[in-house]
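Trainee: The following comprises the amino acid sequence and a computationally predicted model.
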Amino acid sequence: MHEVGIANAILEAVRLESARYATARPRRVSVRIGELAAVDPDSLRFCFEALIQDTELSDLELEIEFCPRRQRCPTCGAEFTVVDYDFRCARCGEEKTDFVSGDQLELASLEMEEYEPSTA
């Protein structure tokens, strides 16, 4: 299950960025996962939650954006989402289309919140 490694890499990136802002703490991290990235979003979420349990990041939320496979038609320029492995252009019917996206696995954003530790 490589989702554990991916979840760990996300958390390392969060920790690295958080270290730059001493008075803020991370609240939400967003990732984009392409249909072709071979990552199961439910497994990733499970691994992420297991790794943050009982840590300083236990309140961190994971937001996952699923990105379907997209193709572009070289004939008419239309971009379309591939459905049921049908790579034909939805506009003109051209059969030879070009891959545009759907294999990404990227950190999209990190939301931080100003934080002052209690002195009590």
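Mentor: Yes, it's here. Numbering: from 1, shown residues only.

Trainee: Report the mean per-residue pLDDT for the helix or strand Val29 falls within.
Mentor: Here Val29 sits within strand 24-34, counting by DSSP states H and E. Across strand 24-34, pLDDT averages out at 96.

Trainee: State the paired neighbours of that strand in the sheet, together with their directions.
Mentor: Strand pairing for strand 24-34, determined by DSSP bridges: strand 61-67 (parallel), strand 105-114 (antiparallel).

Trainee: Dump those strands to JSON lines, plus mean pLDDT and distance to Thr75.
Mentor: For glycine as for every other residue, the C-beta is placed from the backbone atoms N, C-alpha and C. Below are these laid out as JSON lines (pLDDT from 0 to 100; distance: least, C-beta to C-beta, whole Å):
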{"stretch": "strand 61-67", "mean pLDDT": "97", "distance to Thr75": "24"}
{"stretch": "strand 105-114", "mean pLDDT": "95", "distance to Thr75": "30"}
